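Participant: requesting a structural model of the entry that follows:
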Amino acid sequence: MNERITIAGHGGRLEIIVHGYERENASNTSDANWLNCTLRFEIGLFSGATRLSLETHDIESFCQELKSLLLSGGNEAELAPLEDVIQCKITPTKLGHALISGTVKTCNLVNAELSFSFDSDQSYLTLTGMDLETVIEAFPIRPR
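Facilitator: Numbers count the residues shown, from 1 in each chain. Model prediction:
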(Lines give C-alpha, C1' and ligand atoms only; values in the text may rest on other atoms or scores of the structure.)
Protein backbone atom coordinates (compact mmCIF):
# COMPACT_ATOMS: atom_id res chain seq x y z
CA MET A 1 0.00 0.00 0.00
CA ASN A 2 1.57 3.30 -1.12
CA GLU A 3 0.67 6.57 0.56
CA ARG A 4 1.70 10.04 -0.59
CA ILE A 5 2.75 13.25 1.11
CA THR A 6 2.55 16.25 -1.18
CA ILE A 7 4.20 19.54 -0.24
CA ALA A 8 3.20 22.04 -2.90
CA GLY A 9 2.85 25.67 -3.69
CA HIS A 10 3.23 28.18 -6.48
CA GLY A 11 6.01 26.91 -8.75
CA GLY A 12 7.03 23.85 -6.75
CA ARG A 13 5.93 20.41 -5.68
CA LEU A 14 7.58 17.72 -3.56
CA GLU A 15 5.96 14.31 -3.38
CA ILE A 16 7.07 11.61 -0.95
CA ILE A 17 5.66 8.21 -1.82
CA VAL A 18 5.79 5.86 1.16
CA HIS A 19 6.01 2.24 0.00
CA GLY A 20 6.14 0.56 3.41
CA TYR A 21 8.37 -0.29 6.33
CA GLU A 22 11.93 -1.12 5.30
CA ARG A 23 12.31 -3.89 7.86
CA GLU A 24 9.00 -5.65 8.52
CA ASN A 25 10.44 -8.05 11.08
CA ALA A 26 12.90 -5.78 12.86
CA SER A 27 13.53 -6.65 16.48
CA ASN A 28 14.36 -3.17 17.80
CA THR A 29 12.53 0.15 17.74
CA SER A 30 14.99 2.12 15.63
CA ASP A 31 15.15 -0.50 12.86
CA ALA A 32 11.39 -1.10 12.97
CA ASN A 33 10.49 2.51 12.18
CA TRP A 34 12.32 3.14 8.91
CA LEU A 35 10.13 3.67 5.84
CA ASN A 36 11.06 2.92 2.23
CA CYS A 37 10.12 5.97 0.14
CA THR A 38 10.56 7.65 -3.21
CA LEU A 39 10.94 11.42 -3.45
CA ARG A 40 9.68 13.11 -6.62
CA PHE A 41 10.08 16.82 -7.14
CA GLU A 42 9.15 19.50 -9.66
CA ILE A 43 10.59 22.88 -8.80
CA GLY A 44 10.57 25.48 -11.53
CA LEU A 45 12.27 23.89 -14.53
CA PHE A 46 13.91 21.17 -12.42
CA SER A 47 12.40 17.75 -11.82
CA GLY A 48 13.60 14.39 -10.67
CA ALA A 49 13.21 11.46 -8.35
CA THR A 50 15.37 9.61 -5.85
CA ARG A 51 15.12 6.92 -3.23
CA LEU A 52 14.56 8.10 0.33
CA SER A 53 14.43 6.54 3.79
CA LEU A 54 12.45 8.29 6.50
CA GLU A 55 11.74 7.37 10.08
CA THR A 56 8.14 7.34 11.27
CA HIS A 57 9.27 9.81 13.97
CA ASP A 58 10.31 12.31 11.25
CA ILE A 59 6.83 12.25 9.75
CA GLU A 60 5.11 12.50 13.15
CA SER A 61 7.26 15.48 14.17
CA PHE A 62 6.74 17.28 10.85
CA CYS A 63 2.98 16.71 11.12
CA GLN A 64 2.83 18.14 14.66
CA GLU A 65 4.87 21.22 13.67
CA LEU A 66 2.70 21.82 10.60
CA LYS A 67 -0.48 21.51 12.68
CA SER A 68 0.92 24.08 15.13
CA LEU A 69 1.83 26.41 12.26
CA LEU A 70 -1.64 26.14 10.71
CA LEU A 71 -3.68 26.34 13.92
CA SER A 72 -1.81 28.80 16.07
CA GLY A 73 0.77 30.47 13.87
CA GLY A 74 3.72 28.34 15.03
CA ASN A 75 7.19 29.43 13.94
CA GLU A 76 7.90 26.81 11.29
CA ALA A 77 7.55 23.17 10.33
CA GLU A 78 10.66 21.28 9.35
CA LEU A 79 11.28 17.89 7.80
CA ALA A 80 14.92 17.20 8.64
CA PRO A 81 15.49 13.43 8.57
CA LEU A 82 18.66 11.70 9.70
CA GLU A 83 19.41 10.79 6.08
CA ASP A 84 19.55 14.24 4.51
CA VAL A 85 18.28 13.42 1.01
CA ILE A 86 15.64 16.06 1.73
CA GLN A 87 15.56 19.02 4.05
CA CYS A 88 12.34 20.99 3.92
CA LYS A 89 11.25 23.97 6.00
CA ILE A 90 7.88 25.71 5.93
CA THR A 91 8.03 29.25 7.31
CA PRO A 92 4.98 31.52 7.57
CA THR A 93 5.45 34.82 5.73
CA LYS A 94 2.14 36.67 5.99
CA LEU A 95 -1.44 35.85 6.79
CA GLY A 96 -2.22 32.49 5.22
CA HIS A 97 1.02 32.29 3.21
CA ALA A 98 4.33 30.50 3.72
CA LEU A 99 7.75 29.98 2.17
CA ILE A 100 8.80 26.39 1.49
CA SER A 101 12.58 26.07 1.29
CA GLY A 102 15.24 23.41 1.53
CA THR A 103 17.45 21.05 -0.40
CA VAL A 104 17.20 17.78 -2.29
CA LYS A 105 20.36 15.66 -2.59
CA THR A 106 21.15 12.53 -4.55
CA CYS A 107 21.91 9.35 -2.64
CA ASN A 108 24.01 7.54 -5.19
CA LEU A 109 27.48 7.86 -6.75
CA VAL A 110 26.84 11.31 -8.24
CA ASN A 111 26.95 14.22 -5.80
CA ALA A 112 24.22 16.68 -6.69
CA GLU A 113 22.20 19.08 -4.61
CA LEU A 114 19.26 21.31 -5.50
CA SER A 115 18.38 24.23 -3.24
CA PHE A 116 14.82 25.46 -3.55
CA SER A 117 12.30 27.94 -2.28
CA PHE A 118 8.76 28.62 -3.42
CA ASP A 119 5.65 30.23 -2.02
CA SER A 120 2.68 28.32 -0.71
CA ASP A 121 -0.52 29.05 1.16
CA GLN A 122 -2.92 27.57 3.66
CA SER A 123 -4.93 25.71 1.04
CA TYR A 124 -1.87 23.70 -0.07
CA LEU A 125 -0.55 23.25 3.48
CA THR A 126 -3.87 21.97 4.79
CA LEU A 127 -3.72 19.21 2.18
CA THR A 128 -0.15 18.41 3.23
CA GLY A 129 -1.35 18.05 6.82
CA MET A 130 -4.07 15.65 5.71
CA ASP A 131 -1.50 13.61 3.73
CA LEU A 132 0.78 13.42 6.78
CA GLU A 133 -2.07 12.17 8.97
CA THR A 134 -2.95 9.50 6.40
CA VAL A 135 0.66 8.27 6.32
CA ILE A 136 0.85 8.24 10.14
CA GLU A 137 -2.33 6.17 10.26
CA ALA A 138 -1.05 3.72 7.63
CA PHE A 139 2.49 3.52 9.07
CA PRO A 140 2.35 4.23 12.81
CA ILE A 141 5.40 4.36 15.07
CA ARG A 142 6.10 0.77 16.05
CA PRO A 143 7.16 0.17 19.67
CA ARG A 144 8.98 -3.17 19.21
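
Participant: quick check: pLDDT value at the residue of the chain most remote from its centre.
Facilitator: Ranked by distance from the centre of the chain (Cα atoms, centre = their mean), the top residue is Ser27, with 25.9 Å. Here the pLDDT value assigned to Ser27 is 81.

Participant: could you check how far it is from Glu15?
Facilitator: Note on Ser27: its distance to Glu15, by Cβ to Cβ, to the nearest Å, is 32 Å. Any C-beta I mention is one placed from the backbone N, CA and C, and that applies to glycine too.

Participant: the residue farthest from the centre of the chain: what secondary structure?
Facilitator: Three-state assignment for Ser27 (DSSP: H, G, I helix; E, B strand; the rest coil): coil.

Participant: phi and psi next, for it.
Facilitator: Main-chain dihedrals, Ser27, degrees, to the nearest 10: phi -100, psi -10.

Participant: for this protein, which spans come out with low pLDDT?
Facilitator: Across the chain, the ranges flagged by pLDDT under 70 are 107, 109, 144.

Participant: how about the helices in it?
Facilitator: For the chain, the helices defined by DSSP state H cover 29-32, 56-72, 122-138.

Participant: quick one, which of these gets closest to Thr6.
Facilitator: Nearest to Thr6, of all the helices of the chain, is helix 122-138, at 5.7 Å by Cβ to Cβ.

Participant: what's that closest one in contact with?
Facilitator: For helix 122-138, the external contacting residues (Cβ atoms under 8 Å, 6 or more residues apart in numbering) are 1, 3-9, 18, 56, 59-60, 62-63, 66-67, 69-70, 90, 96-98.

Participant: and it, how far from the chain's centre?
Facilitator: Centre-to-centre, helix 122-138 and its host chain are 10 Å apart (Cα atoms, centre = their mean, to the nearest Å).
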